[in-house]
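[1] below is the sequence, then the predicted model.
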Amino acid sequence: MTDRPIRASDQERESVVDVLRDAFTDGRLTFDEFEERTAAAYAAKTWDQLWELTSDLPAQPVLGVGLSHRPQAGQPEAIPPAVRPRRVRRERPFDRVLPVLFVWIVISAAAGSPSIAAALSFIFICVLATRIGYGGRW
């Protein structure tokens, strides 16, 4: 075992950014904190710098899976991928309705029916606002 800092990989930086993104969508981080920590995660060179970015969050990134690294006091151990819970993609309502509505608007406008196109545009905007309200991520 060595006491020298261990260099972080791109995959480990992405793991930290995933944890930060989840914390932001859960309301644990403000947008400014999220941006600042994300930039720091991509600039981090060692595990210690990455641990520092998520030390105050309940979820911790997976660093060094398969490597023999003993975390320092206060740092969780790396969890192998088989044990780590999978992220479940939340099914959002209207996922399949948006493209259909958009095509319908275009066809109505091209057919010379501006009133139908306007009504469908209003519905499209409402559905889009609902979609963004369910997490804001595409």
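    Yep, it's here.

[2] state which helix of this protein is the longest.
    Counting residues, the longest helix found in the chain (DSSP state H) is helix 114-133.

[3] against which helices or strands is that one packed?
    helix 97-110 (3 or more CB pairs under 8 Å, 6 or more residues apart in numbering; DSSP states H and E). The way it works is simple: take the backbone N, C-alpha and C, and place the C-beta from them, glycine included.

[4] tell me the buried residues in the helix it packs on?
    By neighbour count with 16 or more other CB atoms under 10 Å, helix 97-110 contains the buried residues 101, 105, 108.

[5] want to throw the residues you listed into CSV with distance to R21 and pLDDT?
    Below are the buried residues of helix 97-110 laid out as CSV (distance: CB to CB, whole Å; pLDDT from 0 to 100):
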residue, distance to R21, pLDDT
L101, 28, 75
I105, 32, 81
S108, 38, 81
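
[6] I'd like those residues written out as CSV, with distance to G27 added.
    CSV is the format used below for the buried residues of helix 97-110 (distance: CB to CB, whole Å):
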residue, distance to G27
L101, 30
I105, 34
S108, 39
